[in-house]
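# what's the 3D shape of this:
(chains A and B)
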Amino acid sequence: MDAIILRDVSKVFTFKTHKGVKGFLRPDKKEVTAVNDISLVVEKGEAVAFIGPNGAGKSTTIKMLSGILQPSSGDIRVLGYQPLKQRRELAMRIGTVFGQRSQLVFNLPLTDSFMLTAHMYRVPETVAKERIAHLIEQFDLGGFVGQPVRKLSLGQRMRAEVANALIHNPDIIFLDEPTIGLDIVAKRALRETIKKVNKEQATTVFLTSHDVGDIEEVCQRTMIVNHGQIMLDAKTSDLKKNYLKSKKVGVVPADGLPESCVIHGIPAATQEGRLVFEVDTSKVALKKFLSSLLQKVDIADLTIEDTPLEDIIHEIYTKGS
Amino acid sequence: MTASEAITKSRLHAYWKVMMMSAREDRANPLRIAGSVGLGVVRMILIAAIYKVAYELTHTTALPYENAIWSMGLYFAFIVGLSVRNVFRLIEKDVKDGNVEVSLIKPLDWRAVKICQQIGKNLLEFSVLVVAFFATLAIVVGFPDISHFSPVFIGGYLLIMLLAILSASAMFLMVGLTAFWLNDSQSVYRIVDRTIMVFGGSFVPIALLPGAVQDVLRYSPVGVYGASTQLFNPGLVKYLIPTLIASAAWSVVLLFFCQLVWRRAERRIEVNGG
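Model prediction:
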């Protein structure tokens, strides 16, 4: 079943080129196309990453999906609802987390925020209490659930924000940069719980992020947007497979670093006491390269690394522009 | 579905909970409330002293002195203490920091939530102010003449009070919504607030104004808002029904315009980010 359907959706913002009295006298307007003819389908239970550089159209899309913004053209259906026209009905079935905005009550304990959310979504009190207890356990919030929200660390607060968005058991959760500003430990914990919610409760996850870790660990599918258009829509695992054309081979020579070293026309760079070769596997087979390397260098240590997904995504962005 | 489940499922219950949660948040700040009530009581005593002098100099008989002071007490408790007008600040804040986006994805009406939050925020202060003012005034100026009180008058007055909250909310929601165009709605607020203060009886009770001015003001939006503080004005008995009708009519008109402004404002929601 389809959870989200977008058909030929565009969003154009109009701005006055002059402000104040000048703007009144010369009402010239400028149009900016934030989303340009996007079509996509997300199935129920999928975890989708919607990524792109700043100004690519991610937030505009997520806000059209949740019913905040009206598309200039095209058709949007989320769980069968028209988001703008049926915003409140849709709100009962979606959860949202905006990384830079809190939905919790700052001066009251977390439990009060959770109860308020439950009341807002008209969850019966007994059901709400059970659900909150479950989420406290699932998101490991027990240690600070009685503290006022303002006293929580960013990591604790973000976990609480996601838990808060799940109190009414939504079918879809929209996450807009949920790990922004978190440390590695907090990021990992949050990703794990989102993944768990997606797997165990079949909650559809629609995530935007600049952090490749979020995408790799949480999402099965990745859509890359730039200039308001979808540049790529692929399985996250296929991204590396299809776009990975080079490997980094690092070598620590047993008899010290040579002045220069070239193998199959690939010169080595010296990095942190080792030689590093950027091997384009479409030109030289890795096996062939390694056998030549073993013949030429007495190896004390060897590492082979994939190109980071971040670099792959960057390459896709650059190609698009 | 059981009765309690049905209540939980109702939207009204959700708004009530929003209001109560806001009241709870404010309860965490007892010092602020104590300070505000203390200042209010001092101000009330000063006003009582000034009015005493004014009454002696002008030999006013239009409204008994005690009733005028108790009306002022009600004004300060209701208009200043409950402070429905400050809903504009909550709206303006949401518009300025972009939180309006988050609020719109809730299953409750954003504007109604803000009104509930504003009332809830000051509910405790309002209750304490009413008790403190009336206790102080009973000691300092004595009790007012309440011979005009009757069940119909009290019922009608309470309805006027409710309608005043409704029309004031609509009026100040509109003020807050101007932030979508002006970014800062403070200037609009000042104009509206000062107009209400001047024509609503906060400086001089309406009963003390010339008859013709009273007639015009009584049925204006400002007048019906001010009528909510006229519990101790025996003159209100005569105008109870027309004031009630005017209050209801202005509430409808202001809510209609508020909806109109909101529809225009909604189109101005842009995106923070890409």
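
# report all helices and strands that the helix or strand harbouring A:R157 contacts.
Assigned by DSSP states H and E, A:R157 belongs to helix A:154-165. On a contact count with 3 or more CB pairs under 8 Å, 6 or more residues apart in numbering or on different chains; DSSP states H and E, helix A:154-165 meets strand A:94-98, helix A:110-120, helix A:125-138, strand A:172-176, helix A:184-201. (C-beta placed from N, C-alpha, C; glycine too.)

# neighbours of B:V198, how many?
B:V198: 13 surrounding residues under other CB atoms under 10 Å in any protein chain shown.

# and the pLDDT at it?
Looking at B:V198, its pLDDT is 78.

# deepest of the helices and strands packed on helix A:154-165, which one?
Mean neighbours per residue, mean count of other CB atoms under 10 Å in any protein chain shown, is largest over these for strand A:94-98, with a mean of 26.

# which stretches of chain A form helices?
All helices of chain A, identified by DSSP state H, fall at A:20-25, A:58-65, A:87-91, A:110-120, A:125-138, A:154-165, A:184-201, A:212-218, A:236-243, A:286-296, A:309-320.

# before we move on, back to that, make JSON lines from the helices and strands packed on helix A:154-165 and add mean pLDDT and distance to chain B to it.
Putting the helices and strands packed on helix A:154-165 into JSON lines (pLDDT from 0 to 100; distance: least, CB to the nearest CB, whole Å) gives the following:
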{"stretch": "strand A:94-98", "mean pLDDT": "90", "distance to chain B": "5"}
{"stretch": "helix A:110-120", "mean pLDDT": "93", "distance to chain B": "4"}
{"stretch": "helix A:125-138", "mean pLDDT": "91", "distance to chain B": "6"}
{"stretch": "strand A:172-176", "mean pLDDT": "92", "distance to chain B": "8"}
{"stretch": "helix A:184-201", "mean pLDDT": "87", "distance to chain B": "18"}
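
# kindly reformat these as CSV containing distance to B:S103.
Listed next are those as CSV, based on distance: least, CB to CB, whole Å:
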stretch, distance to B:S103
strand A:94-98, 11
helix A:110-120, 11
helix A:125-138, 21
strand A:172-176, 15
helix A:184-201, 23
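
# nearest to chain A: which residue in the stretch 51-200 of chain B?
B:P107 (4.3 Å; CB to the nearest CB).

# chain neighbours aside, what residue packs nearest to that residue?
On the basis of CB to CB, 6 or more residues apart in numbering or on different chains, the spatially nearest residue to B:P107 that is not a chain neighbour turns out to be A:A91, at 4.3 Å.

# ditto for B:V224
Spatial nearest neighbour of B:V224, chain neighbours left out: B:S247 (4.3 Å); criterion: CB to CB, 6+ apart.

# that older thread, ok, now how distant is the residue nearest to B:P107 from A:M64?
A:A91 sits 15 Å away from A:M64, going by CB to CB, to the nearest Å.

# what's the answer for B:S22, then?
31 Å.

# more crowded one of the two?
Shown here are B:S22 and A:M64; by other CB under 10 Å, A:M64 has more neighbours (27 against 24).

# can you report how many residues neighbour the residue lying closest to the more buried one once chain neighbours are set aside?
Leaving aside its chain neighbours, A:M64 sits nearest to A:P71 (5.2 Å; criterion: CB to CB, 6+ apart). Residues within reach of A:P71, counting by other CB under 10 Å, total 22.

# quick one: contacts for A:P71?
A:V9, A:S10, A:K11, A:V35, A:M64 (CB atoms under 8 Å, 6 or more residues apart in numbering or on different chains).

# what sits against residue 169?
Using chain A here. By CB under 8 Å, 6+ apart, the contact set of A:N169 is A:R131, A:Q201.

# was after chain B, sorry
Residues near B:S169 by CB under 8 Å, 6+ apart: B:V84, B:V87, B:I115.

# model confidence at it, what's the number?
You'll see B:S169 listed with a pLDDT of 92.

# now it: how far from B:R89?
As for B:S169, its distance to B:R89 is 13 Å (criterion: CB to CB).

# please apply the same query to A:K288.
Distance of A:K288 to B:R89, given as CB to CB: 71 Å.

# between the two, which has more neighbouring residues?
Neighbours were counted for A:K288 and for B:R89 using other CB under 10 Å; B:R89 has more, 19 against 12.

# what helix or strand is the more buried one located in?
helix B:87-97.

# how many other residues sit next to the closest residue to A:N36 other than its chain neighbours?
Spatial nearest neighbour of A:N36, chain neighbours left out: A:G228 (3.8 Å); criterion: CB to CB, 6+ apart. With neighbours defined by other CB under 10 Å, the count for A:G228 comes to 24.

# give me the pLDDT for A:G228.
For A:G228, the predicted pLDDT is 87.

# just confirm it contacts A:P53, I think it does.
No - the criterion here is CB atoms under 8 Å, and A:G228 misses it with A:P53 at 11.7 Å.

# domain parsing for chain A?
As assigned by automatic domain parsing, chain A contains the domains A:2-17+A:37-241, A:245-320.

# for those domains, give me CSV that also has distance to B:L31.
Listed next are these as CSV, based on distance: least, CB to CB, whole Å:
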stretch, distance to B:L31
domain A:2-17+A:37-241, 14
domain A:245-320, 51
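
# ok, which of those domains comes nearest B:L255?
Closest to B:L255 of the domains of chain A, according to CB to CB: domain A:2-17+A:37-241, at 18.5 Å.

# which bits of the stretch 101-250 of chain B sit near chain A?
Neighbours of chain A within the stretch 101-250 of chain B, by CB under 8 Å from any CB of the partner chain: B:E101, B:V102, B:L104, B:I105, B:K106, B:P107, B:L108.
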